[in-house]
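A.B. asks: Mind folding the following:
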Amino acid sequence: MTAFAQILLFLSSYAPLFAVFALLDSFGRGWPSVACVVTAAVGCLMPLIVLPLVKKKVTPLPLHVVTSQLRDGDALAYVATYLVPFAAIAATTPRERLALGLFFLMLAVIYVRSELFYINPLLALAGLRLFQVTTPKGASVVLITRRRFLASGTEVSARRLGDYAYWEAKRDQHQQ
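C.D. replies: Numbers count the residues shown, from 1 in each chain. Model prediction:
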């Protein structure tokens, strides 16, 4: 996945936060709040744009699951750690707004460089779940899937999103 796609998914992961910023006038009334609303709206559309592009351009590969562990809590920790404290900030002075903006920029860099694009509250709302999967070579990767359960020994068809993240390409409707 390109850095550009990761940045777009970063924006989508923070779309709810931008909506809260707009509601609280965190960066000021008028155009700053409008910019936050526009960013939130665009961010909500990003998964609908990026994931189909990945589907078109990245060939599915077999991913052998030796062990798996549900990691849905990562998205909740993400929300609790970053969104809740951020939303409570009322930046009223230009210095406070600059500090808020710099902190947000720092989070963006960490998010993209750490390939955390799979931790996204909008993906969770869309019914996607996260599993930490161990492969036969001992690698630990994240699999994004609609499955509720992922048994050891399962083989899935998955698209590689990054060094440590895969998105399940397809699965039969009768599987759980």
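
A.B. asks: Please count neighbours and contacts with C-alpha atoms only from this point.
C.D. replies: Fine.

A.B. asks: List the buried residues of the helix ranked longest in the chain.
C.D. replies: Assignment by DSSP state H gives helix 31-57 as the longest helix of the chain. Using 16 or more other CA atoms under 10 Å as the test for burial, helix 31-57 gives 33-41, 43-47, 50, 54.

A.B. asks: Partner strands of the following helix or strand past it, with direction?
C.D. replies: Going down the chain from helix 31-57, the next helix or strand is strand 61-64, by DSSP states H and E. Counting by DSSP bridges, the strands paired with strand 61-64 are strand 155-160 (antiparallel).

A.B. asks: The partner strand: what's the following helix or strand?
C.D. replies: Once strand 155-160 ends, the next helix or strand along the chain (criterion: DSSP H and E) is strand 165-170.

A.B. asks: For Val142, give me its contacts.
C.D. replies: Residues counted as contacts of Val142 (CA atoms under 8 Å, 6 or more residues apart in numbering) are Leu130, Phe131, Gln132, Val133, Tyr164, Ala165, Tyr166.

A.B. asks: Dump those residues to a markdown table, plus distance to Ala124 and pLDDT.
C.D. replies: Shown next, in a markdown table, are those (distance: CA to CA, whole Å; pLDDT from 0 to 100):
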| residue | distance to Ala124 | pLDDT |
| --- | --- | --- |
| Leu130 | 9 | 85 |
| Phe131 | 12 | 90 |
| Gln132 | 15 | 89 |
| Val133 | 18 | 93 |
| Tyr164 | 19 | 80 |
| Ala165 | 16 | 81 |
| Tyr166 | 15 | 86 |
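
A.B. asks: In a markdown table, list those residues along with neighbour count.
C.D. replies: Shown next, in a markdown table, are the contacts of Val142 (neighbours: other CA atoms under 10 Å):
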| residue | neighbour count |
| --- | --- |
| Leu130 | 27 |
| Phe131 | 22 |
| Gln132 | 20 |
| Val133 | 26 |
| Tyr164 | 17 |
| Ala165 | 23 |
| Tyr166 | 24 |
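
A.B. asks: Between these, which sits nearest Ser152?
C.D. replies: Nearest to Ser152 among these is Val133, at 9.0 Å by CA to CA.

A.B. asks: My impression was that that closest one belongs to a strand - is that right?
C.D. replies: Yes. Counting by DSSP: H, G, I helix; E, B strand; the rest coil, Val133 is located in a strand.

A.B. asks: so it bridges to which residues?
C.D. replies: For Val133, the beta-bridge partners under DSSP bridges are Ser68, Val141.

A.B. asks: Now do the same contact list for it.
C.D. replies: Val65, Val66, Thr67, Ser68, Gln69, Ser140, Val141, Val142, Leu143.

A.B. asks: I appreciate the help and will end here.
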